[in-house]
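Novice: The following block contains a protein sequence and its predicted model.
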Amino acid sequence: MQIHFIAIGGSAMHNLALALKHKGYQITGSDDVIFEPSKSRLESKGLLPESFGWFPEKIHSNLEAIVLGMHAKVDNPELLKAQDLGVKIYSYPEFLYEQSKNKTRVVIGGSHGKTTITSMILHVLNFHNREVDYMVGAQLDGFDRMVHLTEENDFIVLEGDEYLSSPIDRRPKFHLYKPNIALLSGIAWDHINVFPTFENYVEQFKIFVDSIVNGGSITYNLEDAEVVMVVEGSENTIRKLGYTTPEYEVDNGKTLLETPEGPMPIEVFGKHNLNNLAGAKWICQNMGVDEDDFFEAIATFKGASKRLEKIAEGKTSVAYKDFAHSPSKVAATTKAVKEQYPDRRLIACLELHTYSSFNPEFLKEYKGALDAADEAVIFFLPESVAIKKLEEVTPEQISNAFKRDDLRIFTDASSFHSYVNEESYENSTLLLMSSGNYGGLDLSLLKKLMV
């Protein structure tokens, strides 16, 4: 098959391109800008476009399909040419469904935890040499790509994102997968540029649950009231399997999971991650992995990329970075780190970076999110607000939203970097949270600062 990718450089898109190249397809692609690591990974497989930009001449009637990325616009010249020629155009999730419509589709959904749960499942299956197709939103140890597609594997495990499918398909991605086995981890308002009200956001998860095929199953978090309402309110003819956080304890900075064979040390920590682990266990059991085999494998799981990733450690100090940016994720991550190191001072730094986090109404959702920290810091760049064409956000608004009188707020990168690099970290934990890059902070310097 000859397939062309419009906006091939995206994290998800380039991984799909690599997977199809590995499968034996002929792949071409275009983009107006491609950053690392996508650039090097495409180049290594001969898929990096010779020039950046959009080239309608790349679109011809011999193409069997176009895969359209979210980065492209509705007036993209390559898209317009494909529409004129009548070439079949797929969104990313549509194409994944097309590749997996004859497989058992396992879809992991939720506002938070879906990358970690998907990663846990894949780690367990890989540990026991069980071959499956997959798509996950993070690079995993032991896996070459974030997407893997074959003709022969019976199962495909898909991370079910609720964001839009493509510029010309405004449906959430996870509405298109039609799962046989599904999981719903949590519901907390996000993506307000697309879902302006909480009710509208919750509706997307109702549609997801109703999209599960008849006779399928939904594994769901009983500790999330919105999830319970959505799942138990569905009239879809599916099995409903609830899960809760398992028993665990923290002993001298090590988390011990209660199992039928007694306490077992694990690499991940935090109540939210133990809750994720419970969901992953039920999905693995639905896929034929018994409980003992799950525990054996999960003991070696070190976490998904950018999720509570340890970046530096000394004798009395440690530094983590995490992808957390929405209120529920920030609160869960901050609490987890404080629980893991209760006798150390916790310095929690959050970069406000997303469209939602600069919305005055949504900002109120952050109330109490950093309460577990001994020292709470917010960093944001006013120019980021301007680029998103949003109204100015003031430090006073942020302080009022978090409801914390001692909140430290930095609005320029150099001051924030100086603060981080000049702080004393003796008997301390540093937690950096963002979906951005902290204004270009050099994280390698932290290795010298941890004592």
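Specialist: Happy to help now that I have it.
Novice: list the contacts for Leu20?
Specialist: Taking Cβ atoms under 8 Å, 6 or more residues apart in numbering, we find Leu20 in contact with Met1, Ile3, Ile27, Leu149. Glycine gets a C-beta too; all of them are placed from N, C-alpha and C.
Novice: Give me the pLDDT for the third one.
Specialist: Among the per-residue scores, Ile27 holds a pLDDT of 98.
Novice: SS state for it?
Specialist: The three-state label given to Ile27 by DSSP: H, G, I helix; E, B strand; the rest coil is strand.
Novice: Tell me the bridge partners for it.
Specialist: For Ile27, the beta-bridge partners are Ile3 (DSSP bridges).
Novice: Quick check: it vs Pro49, distance?
Specialist: Separation of Ile27 from Pro49 (Cβ to Cβ, to the nearest Å) stands at 11 Å.
Novice: The two: which is more packed in?
Specialist: Neighbours of Ile27 and Pro49, each counted by other Cβ atoms under 10 Å, are more numerous for Ile27; the result is 23 against 20.
Novice: That one contacts Ala17, correct?
Specialist: Yes. If you go by Cβ atoms under 8 Å, Ile27 and Ala17 touch, sitting 5.3 Å apart.
Novice: Identify the contacts common to the two.
Specialist: Counting by Cβ under 8 Å, 6+ apart, the contacts common to Ile27 and Ala17 are Phe5, Leu47.
Novice: So which of the contacts of Leu20 wins on neighbours?
Specialist: Across the contacts of Leu20, neighbour numbers were computed from other Cβ under 10 Å; Ile27 holds the maximum, 23 neighbours.
Novice: so who does that residue touch?
Specialist: Applying Cβ under 8 Å, 6+ apart, one finds that Ile27 lies in contact with Ile3, His4, Phe5, Ala17, Leu20, Lys21, Leu47.
Novice: Strands of the stretch 51-200 of the chain, residue ranges please.
Specialist: Counting by DSSP state E, counting those that start in this stretch, residue ranges of the strands within the stretch 51-200 of the chain are 65-68, 89-91, 104-109, 133-135, 147-148, 155-160, 164-166, 169-172, 181-184.
Novice: Which strands border the third one, and is each parallel or antiparallel?
Specialist: On the basis of DSSP bridges, the sheet neighbours of strand 104-109 come out as strand 155-160 (parallel), strand 181-184 (parallel).
Novice: Give me the distance from that strand to the chain's centre.
Specialist: Taking the mean C-alpha point of strand 104-109 and that of its whole chain, the gap between them comes to 15 Å (Cα atoms, centre = their mean, to the nearest Å).
Novice: picking that back up, wait, which of the strands paired with strand 104-109 is closest to Gly9?
Specialist: Taking Cβ to Cβ as the criterion, Gly9 comes closest to strand 155-160 out of those, the separation being 19.6 Å.
Novice: okay, the closest one in CSV with CA atoms only?
Specialist: What follows is the C-alpha trace of strand 155-160 in CSV, where atoms were taken according to Å, rounded to 0.1, in the frame of the first residue of the first chain:
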residue,chain,number,x,y,z
PHE,A,155,-5.2,-8.3,20.3
ILE,A,156,-4.5,-4.6,19.9
VAL,A,157,-4.1,-2.3,23.0
LEU,A,158,-5.0,1.3,22.3
GLU,A,159,-4.7,4.4,24.5
GLY,A,160,-8.0,6.1,24.0
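Novice: does Lys240 sit in a helix or strand, and which one?
Specialist: Under DSSP states H and E, the secondary-structure element containing Lys240 is strand 239-243.
Novice: Contacts for that strand next, please.
Specialist: By Cβ under 8 Å, 6+ apart, the residues outside strand 239-243 that reach it are 216-222, 228, 231-232, 275, 278-279, 281-282, 286.
Novice: before we move on, what about stretch 208-227?
Specialist: The set of residues that contact stretch 208-227 without belonging to it, under Cβ under 8 Å, 6+ apart, is 109-110, 160, 162, 172, 174-175, 177-188, 202, 205, 228, 230-231, 234, 236-245, 275, 279, 282-283, 286.
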